[in-house]
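>>> sequence and predicted structure below; questions after.
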Amino acid sequence: MSNLLGGLNPPQHAAVTLPPQHALILAGAGSGKTRVLTTRIAWLLQTGQVGPHGILAVTFTNKAAKEMLLRLTAMLPINTRGMWIGTFHGLCNRLLRAHHRDANLPQLFQILDSADQLAAIKRLLKGLDVDDEKYPPRDLANFINGQKEAGLRPDAVEAWDEYTRKRVELYREYEAQCQREGVADFAELLLRSYELLQRNEPIRHHYQGRFRHILVDEFQDTNILQYRWLKLLAGGGANLFCVGDDDQSIYAFRGAEVGNMRDFEREFRVDNVIRLEQNYRSHGNILDAANAIIKHNAARLGKNLWTDAGSGEPIRVYEAFNDTEEARWIVEEIKSLAAEGLARREMALLYRSNAQSRVLEHALFSAGLPYRVYGGLRFFERQEVKHALAYLRLIANADDDGAFLRVVNFPARGIGARTVEQLQDAARMEKVGLHETAKRGGKAAAFAALIDRLKAACEGLTLPETVEQVLTLSGLRAHYQAEKEGQDRLANLDELVNAAENFVAEEGNVDAEGEVSGELAAFLAHASLEAGEHQAGEGDDALQLMTVHSAKGLEFDVVFISGLEEGLFPHENSVREDKGLEEERRLMYVAVTRARKRLYISHAQTRMLHGQTRYNLPSRFFDEIPAELLKWLTPKLARGPAAVPGRPTFAAPRRPAWAEPAPAAVVRRSAAQETGGFRIGQNVAHAKFGQGIIVNAEGAGSDARVQVNFGREGVKWLALSVAKLTAV
DNA sequence: CTGAGAATGATTTTT
DNA sequence: TCATTCTCAG
């Protein structure tokens, strides 16, 4: 046991060995959160306080769940089979499969991923003849998911206006459609299993009695329903051990409720919150910067990271002339770091929004620097894989109309939109599935027969054999073989067979019964719940490009945070309310704490965004970092030559001599933009609004007006004859 | 049914 | 700007 606890610092040790009780662990970035969580489980098991059966550990991502399992098996020579360790959705799926009758679901119910759900909603609107301009499918999906995540069924949603009433009605219809087709979306997995536990006393008692210790990772990311789900499961006296960091809550926009942490502390009478504040990742200056930034947020649970690793290097700051030049500088910097022997995979380039990656990628590509962008299409989301899965879904559940529609004419077999529409009308009239309707004759009968034939052909086959059969008999293989550009897609189809093989080989994926139908259903669930790796190329030494959001949980020796500008980071859509701004600040906190040894932050005076040149002020986050932690690589917030009021200056924004020539659009201005004695891109000061930057101008003489971006004060049009503007 | 051109709109994302 | 979606002609 001693080796289990060896090397833990006092708060970590305290957390791991806490006697049975509810606990809230405030775990700062890089403070050994996962280690504490897994060691806690190992300790509970090793001290005999609980058997594997009594453990429930829940995470948000499959990656985190796998990591936990991996570390646990490394610590203890134990069979992890009996333990419930997984994502919220994964565990709910498990629960619903085990009790599908009580949950009123078919045994082989399918899981809709977001794309499937959207398609289902579009289909629903079409069938009901609802104007999808007035009720955009995406909005409706958000609405429905939002209600489900708040634990509300259509009957429980309060609708005061006609519009909401209609949306609730559509929610109701959507539910009916899903039920008819035997499918469940992500939010449904949560809500359905919550309701199952709530309504079914024997089942609830069983699980409440079984799970003695419930451990939650990233607790700050739980939504209302997830918290209620946890409370329900813990209702039989289990100990809830929640680990999280309110300062790293960056998912409020998708329903995460940081308030759950406070609520948990209160409702479960957690009297000693344990804080993990010693950071094992970053050098001191980086942590000081992070601490200083996050201090600007109100209503924190409170935490201050520290390290004994020494303060390290200052944070390097760069002010670029424009986005292209910023990218060029980053490339140079990375090249020289690489020349010093630093692995490229240890360097990350972070940005607030995906649109920013283009310029960066362009520069990297031109320089021949290998890089890898996170966030592309994932394996199970690829078109050809989705098609293959649709056939498999139809074998498992012929009522799956979504799958039916996806492949009824793919590969093309002469079943056009007209035919499909007739089929849908008929199906609606008789209240049966499309497959059933198709069987009764008409053009699609052959397709229905194909599905039945597939099903028969796969009887008794193993999962990989089934996939193989489907690829061939469906004509998918032949289709892509005939296509000129089909080679990659063919390779992915082969990869799907591999995935099936691996899935079967992997222990724990298939429950003991092991019958083929169960195997298939489990594989399909796996495909929906775990869309696969973002992109290949793990092995090679490439620079890592990603949004700040996707960087959460990762760490790198060197981190660049680019585009630190008002409007971009913090994002303009977020600065209106305090809540939004605080989340942006937490995002910045997350970004900063990714760096181990060296941190670069940069901004550009001018940036091309959505086809327009934008002039952004430097992000307020620069001001929130103590100046002594920063090392300016460019003159500190130096400004261009001051304009003498009344005497026009036409100088372009300040640009280092060595920078590439400014793009024509910037140099060549229209007459209107030049008028008024101030120039676009110039920094100015206003008595009331403070400092800003001129983003537009029009008129001349006494009519001259300029548009100024005052950052947090907003963007304003000012008449030069009235407003007292001074050049800075 | 397909493919070219227009229209549109653009934080952040996992399951 | 640019990627995606939509529309309409062939």
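Sure thing, it's come through. What you are looking at is a predicted structure, and each value in this text was computed from that prediction instead of being measured.

>>> what does the closest residue to A:V243 other than its chain neighbours show for phi and psi?
Of all residues not flanking A:V243 in the chain, A:I25 sits nearest, at 4.4 Å (Cβ to Cβ, 6 or more residues apart in numbering). Quick note: C-beta positions are derived from backbone N, CA and C, even for glycine. Backbone geometry at A:I25, expressed as degrees, to the nearest 10, gives phi -110, psi 110.

>>> is DNA strand B within reach of stretch A:478-489?
No - using Cβ under 7 Å from any atom of the strand, stretch A:478-489 stays clear of DNA strand B, with a minimum separation of 10.5 Å.

>>> list the buried residues for that stretch?
Residues of stretch A:478-489 classed as buried: A:479-480, A:486, A:489 (neighbour count, 16 or more other Cβ atoms under 10 Å).

>>> same question for stretch A:354-362.
A:356-357, A:359-360.

>>> which of the residues you listed lies closest to A:F186?
A:F186 lies nearest to A:S357 out of the buried residues of stretch A:354-362, by Cβ to Cβ, at 26.8 Å.

>>> so for stretch A:484-504, mean pLDDT?
Averaging pLDDT along stretch A:484-504 gives 88.

>>> nearest to A:S282, of the buried residues of stretch A:478-489?
Distance to A:S282 across these (Cβ to Cβ) is lowest for A:R489, with 43.1 Å.

>>> quick one: contacts for that closest one?
Contacts for A:R489 (Cβ atoms under 8 Å, 6 or more residues apart in numbering) come out as A:382-384, A:480, A:483.

>>> and it, what helix or strand is that in?
In the assignment (DSSP states H and E), A:R489 maps to helix A:487-505.

>>> which parts of that helix are buried?
A:489-490, A:492-493, A:496-497, A:499-501, A:503-504.

>>> around the residue nearest to A:V243, how many other residues sit close by?
28 (other Cβ atoms under 10 Å).

>>> out of the buried residues of helix A:487-505, who's nearest DNA strand C?
Nearest to DNA strand C among the buried residues of helix A:487-505: A:R489, at 16.6 Å, using Cβ to the nearest atom of the strand.

>>> contact partners for the residue lying closest to A:F211 once chain neighbours are set aside?
Computed as Cβ to Cβ, 6+ apart, the closest residue to A:F211 that is not its neighbour in sequence is A:L56, at 4.3 Å. Listed by Cβ under 8 Å, 6+ apart, the contact partners of A:L56 are A:83-85, A:91, A:211, A:213-215, A:233, A:238.

>>> how about 6 Å then?
Listed by Cβ atoms under 6 Å, 6 or more residues apart in numbering, the contact partners of A:L56 are A:84, A:211, A:214.

>>> quick one, helices of the stretch 201-350 of chain A?
A:201-210, A:224-233, A:259-267, A:284-294, A:323-339 (DSSP state H, counting those that start in this stretch).

>>> now the first one, how far from the centre of its chain.
So the one you mean is helix A:201-210. Centre-to-centre, helix A:201-210 and its host chain are 33 Å apart (Cα atoms, centre = their mean, to the nearest Å).

>>> which parts of it are buried?
With the criterion 16+ other Cβ under 10 Å, helix A:201-210 contains buried residues A:203-204, A:207-208, A:210.

>>> quick one: which of the contacts of A:L56 is nearest to DNA strand C?
Closest to DNA strand C, out of all of the contacts of A:L56 and judged by Cβ to the nearest atom of the strand, is A:W84, at 36.6 Å.

>>> doesn't the residue nearest to A:F211 fall inside a helix?
No - counting by DSSP: H, G, I helix; E, B strand; the rest coil, one finds A:L56 to be strand, located in no helix.

>>> what about the contacts of A:R489, which are in helices?
A:383-384, A:480 (DSSP state H).

>>> got the residues of chain A near DNA strand C?
A:358, A:608, A:610-611.

>>> for chain A, name the helix or strand with the lowest mean pLDDT.
Least confident element among the helices and strands of chain A, by mean pLDDT, DSSP states H and E: helix A:664-667 (a mean of 35).

>>> pLDDT below threshold where in chain A?
Counting by pLDDT under 70, chain A contains low-confidence residues at A:1-2, A:507-517, A:534-539, A:636-677, A:679-681, A:696-703, A:711-712, A:714.

>>> separation between the residue of it found nearest DNA strand C and DNA strand B?
Nearest to DNA strand C in chain A, going by Cβ to the nearest atom of the strand, is A:G611, at a distance of 2.3 Å. Using Cβ to the nearest atom of the strand, to the nearest Å, A:G611 is found at 6 Å from DNA strand B.

>>> how about A:E381?
To DNA strand B, A:E381 is 9 Å away according to Cβ to the nearest atom of the strand.

>>> which ones are touching the closest residue to that residue other than its chain neighbours?
Distance criterion Cβ to Cβ, 6+ apart; nearest residue to A:E381, sequence neighbours excluded, is A:A531 at 5.4 Å. By Cβ under 6 Å, 6+ apart, A:A531 lies in contact with A:378, A:380-381.

>>> can you pick the most crowded of these?
A:F380 (21 neighbours).

>>> quick one, what contacts it?
Per Cβ under 6 Å, 6+ apart, neighbours of A:F380: A:527, A:531-532.

>>> is it in a helix, a strand, or coil?
Classified using three-state DSSP, A:F380 is helix.

>>> check whether stretch A:175-183 contacts DNA strand B.
No - judged by Cβ under 7 Å from any atom of the strand, stretch A:175-183 and DNA strand B are separated, with a smallest distance of 14.6 Å.
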